[in-house]
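Participant: give me a 3D structure for the following:
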Amino acid sequence: MTHIFFGSVMLCCGVLQLWPWLRNNHPRVHRWTGRTYVVTAIPTGVAALVTSQFPMAGPSQQVANTFLATLFLLFTVLGFRAARQRRFKDHREWMYRSYAMAFSIITNRFWGVVLIMIFVPDVMTGADIGPEDATFASAAAASAWVSWIVNLLIAEWIIHRRPRRRADRAGAARRRADRAERQASASRSVERQTPVSSSSGIATVPPSKATS
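Facilitator: Just a heads-up that it's a prediction; the model follows:
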């Protein structure tokens, strides 16, 4: 019950944390939902460590869920520490990883169904097969691994993709600024070199030309 209650609050706060509009326009709300996420993540992770030791699908599932809970707690603590030290880039990266691990409870439902359909297709025909079946247990254990490994890979892809996109945008902005500066410089050069007609109809030249 501790795991379910705190985990539900944590997942809702995590969604708000990943909302860029909220972070940019309401930083105070972002900070408080982030603190709530961390406060609820600690008991959620500790409870997950406890429940991991009583698997329904054998030792493989036990190891997978223990790794999941341990990494989830580690990523959350590192993300909170980075925020306290005002290392916000590191903070965002660690919290992406933290929420990827937390969201595995959702993706596990998807992967569990997919893997059971693949490895235990008789379930779809109404066969009486439960966790005591070796193939069913293997599919459930595989789902425990895949659910957080795939999430973590996606998080790493997002983390390492975003800086390149920002760098490309920054580079494009610099190139546009350089072109604008060159055009402005060329325009000023032309203006200095072009004679200006006076109101009397007599062309005047810049002082540098007149004295030469």
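
Participant: let me know the average pLDDT across stretch 62-72.
Facilitator: Averaging pLDDT along stretch 62-72 yields 93.

Participant: what residues of it count as buried?
Facilitator: Buried residues in stretch 62-72, defined by neighbour count with 16 or more other C-beta atoms under 10 Å: 62, 64-65, 67-69, 71-72. Glycine gets a C-beta too; all of them are placed from N, C-alpha and C.

Participant: in this protein, which helix is the longest?
Facilitator: helix 134-193 (DSSP state H).

Participant: just checking, what packs against it?
Facilitator: Counting contacts by 3 or more C-beta pairs under 8 Å, 6 or more residues apart in numbering; DSSP states H and E, helix 134-193 packs against helix 59-84, helix 88-102, helix 104-119.

Participant: for the longest one, packing partners?
Facilitator: So that's helix 59-84. Applying 3+ C-beta pairs under 8 Å, 6+ apart, we find helix 59-84 packed against helix 27-51, helix 88-102, helix 134-193.

Participant: quick revisit: dump the helices and strands packed on helix 134-193 into CSV; add distance to residue 181 as well.
Facilitator: Shown next, in CSV, are those (distance: least, C-beta to C-beta, whole Å):
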stretch, distance to residue 181
helix 59-84, 37
helix 88-102, 30
helix 104-119, 50
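
Participant: thinking again about what came up before, looking at the helices and strands packed on helix 59-84, which is buried most?
Facilitator: Mean neighbour count (mean count of other C-beta atoms under 10 Å) peaks for helix 88-102 among the helices and strands packed on helix 59-84, with a mean of 21.

Participant: by how many degrees do that helix and helix 59-84 diverge?
Facilitator: Relative orientation of helix 88-102 versus helix 59-84 (axes from the mean of the first three to the mean of the last three C-alpha atoms, to 10 degrees): 160 degrees.

Participant: gap between the closest residue to residue 80 other than its chain neighbours and residue 117?
Facilitator: On the basis of C-beta to C-beta, 6 or more residues apart in numbering, the spatially nearest residue to residue 80 that is not a chain neighbour turns out to be residue 38, at 4.9 Å. Residue 38 sits 37 Å away from residue 117, going by C-beta to C-beta, to the nearest Å.

Participant: what strand or helix carries residue 54?
Facilitator: For residue 54, there is no helix or strand it lies in under DSSP states H and E.

Participant: need phi/psi at it.
Facilitator: With angles defined as degrees, to the nearest 10, residue 54 sits at phi -130, psi 70.
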